[in-house]
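Chemist: predicted model follows, preceded by the sequence.
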Amino acid sequence: MVGIYLSGTGNTKYCIEKLVSLIHSSAKAIPMESPEAISAIQQNEEIYIGYPTQFSNAPYMVRDFIKKNADIWKNKKILCIATMGAFSGDGAGCTTRMLKRYGATILGGIHIHMPDSVCDSKLLKKTMDENRCIIAQADRKIEEVALQIINGNYPQEGITLVSHIIGLLGQRLWFYKKTKGYSNKLKINNNCIGCGKCVSICPMKNLILRNKKVVSNDRCTMCYRCISLCPQKAITLLGNEVVEQYRIEDYR
Ligand SMILES: Cc1cc2nc3c(=O)[nH]c(=O)nc-3n(C[C@H](O)[C@H](O)[C@H](O)COP(=O)(O)O)c2cc1C
Ligand code: SF4
Ligand code: SF4
């Protein structure tokens, strides 16, 4: 078994690493952008795929990865894990439907509520104590789910027809444009000191340094990793000002 994930601010990494290690102490979770990801999928029968929900959809990078590697999913047994800041009708279902088309068997889906990662919006912002409670609840859920899975019962969250309709009508139909492709909307303000931190951490290699300033290309998957880590708070995407940089490391 192997975990494969995309994680911007660390929530999904945290959840999937915890889940796979509780089920098999030697199981690993590998970032989707890692060169090892494809071979890990080829070598394992059971794959747990994790990602943050974006507008009740999977991030475009995740859908693109699944599509581009369409031939590796046949006969794989897959569990999809969608982390989310508030609500997701069928965050897990968005990828299970694709994977099924490519010949995978779907074991189940899990939705895990975690702190919100959108650093440049006041909406859904919580205090550190509230975030600690959310993470503690997530910890308990992961422990319970791991036990269920060890006993052969896979959760079916987000993969039913009802969830599909809720996800579609609740958000995806209205926000579909936001996750239609990669984004070219990243903004870098004059505070940028050219430290290069964002360049090295972007999973899409979307950022480059030019004349000691960062420039964004048009391949942003909206993961918020650079926005949450820029020491100058110089990067924004959906909003125009960094309200609060969220990253799970601050809670561990
Ligand atoms: C662009 C974007 C859109 C998001 N949309 C949703 C959403 O529709 N519903 C939700 O519950 N959380 C939403 N979130 C919050 C994240 O899914 C959540 O915080 C997730 O756990 C972040 O995981 P990560 O730290 O692994 O990136 C969104 C986050 C981003 C960056
Ligand atoms: S991390 Fe921030 S300050 Fe450093 S190069 Fe990137 S945008 Fe500029
Ligand atoms: S540019 Fe920033 S938000 Fe976009 S994919 Fe890269 S790290 Fe994520």
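Modeler: Received it, and whenever you're ready, just let me know what you need. Ligands and ions are numbered 1, 2, ... in the order given.

Chemist: without its sequence neighbours, what residue ends up closest to C226?
Modeler: C198 (3.7 Å; Cβ to Cβ, 6 or more residues apart in numbering). All C-beta atoms are positioned from the backbone trio N, CA, C, and that covers glycine.

Chemist: that neighbour: neighbour count?
Modeler: 24 (other Cβ atoms under 10 Å).

Chemist: distance from the chain centre to the strand or helix carrying it, please.
Modeler: According to DSSP states H and E, C198 maps onto helix 197-201. Centroid separation between helix 197-201 and its chain, computed with Cα atoms, centre = their mean, to the nearest Å, is 18 Å.

Chemist: go on, stretch 203-213?
Modeler: So, by Cα atoms, centre = their mean, the centroid of stretch 203-213 is 22 Å from its chain's centroid.

Chemist: quick check, it touching ligand 3?
Modeler: Yes - using Cβ under 6 Å from any ligand atom, stretch 203-213 reaches ligand 3 at 203-204, 206-207.

Chemist: pLDDT on that stretch, on average?
Modeler: Over the span of stretch 203-213, the pLDDT mean works out to 95.

Chemist: give me the buried positions along it.
Modeler: Buried positions in stretch 203-213, judged by neighbour count with 16 or more other Cβ atoms under 10 Å: 203-204, 206-207.

Chemist: with stretch 145-160 instead?
Modeler: Applying 16+ other Cβ under 10 Å to stretch 145-160 flags 145-146, 149, 154-159 as buried.

Chemist: redo those residues as JSON lines? Include pLDDT.
Modeler: JSON lines is the format used below for the buried residues of stretch 145-160 (pLDDT from 0 to 100):
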{"residue": "V145", "pLDDT": "98"}
{"residue": "A146", "pLDDT": "98"}
{"residue": "I149", "pLDDT": "98"}
{"residue": "Y154", "pLDDT": "98"}
{"residue": "P155", "pLDDT": "98"}
{"residue": "Q156", "pLDDT": "97"}
{"residue": "E157", "pLDDT": "97"}
{"residue": "G158", "pLDDT": "95"}
{"residue": "I159", "pLDDT": "95"}
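
Chemist: SS state for the closest residue to I208 other than its chain neighbours?
Modeler: Leaving aside its chain neighbours, I208 sits nearest to V215 (5.5 Å; criterion: Cβ to Cβ, 6+ apart). Counting by DSSP: H, G, I helix; E, B strand; the rest coil, the backbone at V215 sits in strand.

Chemist: run a quick neighbour tally on V215.
Modeler: 14.

Chemist: which residues does K18 contact?
Modeler: 139, 142 (Cβ atoms under 8 Å, 6 or more residues apart in numbering).

Chemist: the helix or strand hosting C80 packs against which elements?
Modeler: In this assignment (DSSP H and E), C80 forms part of strand 77-84. Secondary-structure packing of strand 77-84 (3 or more Cβ pairs under 8 Å, 6 or more residues apart in numbering; DSSP states H and E): helix 11-23, strand 46-52, helix 93-101, strand 105-113.

Chemist: could you identify which of those is most buried?
Modeler: strand 46-52 (a mean of 26; mean count of other Cβ atoms under 10 Å).

Chemist: what residues does that one touch?
Modeler: 1-9, 11-13, 15-16, 19-20, 29, 32, 41, 58-59, 62, 76-84, 95, 99, 107, 117, 223.

Chemist: could you confirm V145 falls within a helix?
Modeler: Yes - counting by three-state DSSP, V145 is found in a helix.

Chemist: what is the neighbour count of D250?
Modeler: D250: 13 neighbours (other Cβ under 10 Å).
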